[in-house]
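Asks: Turn this into a model:
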Amino acid sequence: MAASTLTLPAVLAACSSSPGTAASTTAATPTTTAPPTTSGPGAATTTTTAPGGVTPVYAVRTGTVPGLGKVLVDGQGFTLYVFEPDKQSGKSTCYGQCAQGWPPLLLPTGVPTPVAGPGVTDSLLGTAARTDGTTEVTYNRWPLYLWVNDSSPGQATGQGVNNLGGLWYVLAPDGRPILKRP
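Replies: Here you go, the predicted structure:
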């Protein structure tokens, strides 16, 4: 078989049964983008962005939300949130039903550190151990979450919402919650 006709299957990695976690896949051809396996926040894929370069879903970078400006987003561009009851403690208080509506941004098993994307200060990026044994990504000691009602990148429908025991806010690139409404 000629090398030009050889295709490799996508590689499935880092599956988890926890809400908000998802498998990561990479496309066999480095110049294409692997389509998401599902839609919405927490849907798990990584996309190839350039030959040999991969942006994982657990990457933290900046994006723009109308009315809020630059905010932190995940590797797919979905807005990331902080939960006021976490009190910038470096520990999550969102479990069970809370984590179903607000999936934590988790590292896949075997991945020791999150990826800092454009606009993110490396020294503010960290992790926190969750009680279920998973590892959540943090920024400026705030555990990071997605919101299931955001259906596409650029949305922040959870901004300022009082839900499941506290208020939810987007995070600015400097690590401070943005308290205004969009």
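Asks: switch to C-alpha atoms for all contacts and neighbour counts from now on
Replies: OK.
Asks: Below-threshold pLDDT in this structure: ranges please.
Replies: 1-54 (pLDDT under 70).
Asks: What separation is there between the residue positioned nearest the centre of the chain and residue 62?
Replies: Centroid-nearest residue in the chain: residue 74, 3.6 Å away (criterion: C-alpha atoms, centre = their mean). Separation of residue 74 from residue 62 (C-alpha to C-alpha, to the nearest Å): 8 Å.
Asks: Equivalent analysis for residue 78, please.
Replies: Taking C-alpha to C-alpha, one finds residue 78 at 10 Å from residue 62.
Asks: which residues in the chain form helices?
Replies: Secondary structure of the chain, counting by DSSP state H: helices at 97-101.
Asks: Not counting its neighbours along the chain, what's nearest residue 136?
Replies: residue 106 (4.4 Å; C-alpha to C-alpha, 6 or more residues apart in numbering).
Asks: Might one say that the one you found is in contact with residue 133?
Replies: No. If you go by C-alpha atoms under 8 Å, residue 106 and residue 133 don't touch, sitting 10.7 Å apart.
Asks: Pick out whichever of these two has more residues nearby.
Replies: Set side by side, residue 106 and residue 133 show more neighbours around residue 106, with 30 against 8, by other C-alpha atoms under 10 Å.
Asks: any idea how far the more buried one lies from residue 91?
Replies: From residue 106 across to residue 91, the span is 13 Å (C-alpha to C-alpha).
Asks: One more: residue 181?
Replies: Noted for residue 181: a distance of 26 Å to residue 91, by C-alpha to C-alpha.
Asks: who's more crowded, those two?
Replies: Neighbour count, other C-alpha under 10 Å: between residue 181 and residue 91, residue 91 has more, with 19 against 13.
Asks: Of residue 78 and residue 62, give the one with the bigger neighbour count.
Replies: The neighbour count for residue 78 versus residue 62, taken as other C-alpha under 10 Å, is higher for residue 78 (27 against 24).
Asks: Can you tell me, leaving aside adjacent residues, what's nearest to that one?
Replies: Spatially, and ignoring its direct neighbours in sequence, residue 78 is nearest to residue 153 (4.5 Å; C-alpha to C-alpha, 6+ apart).
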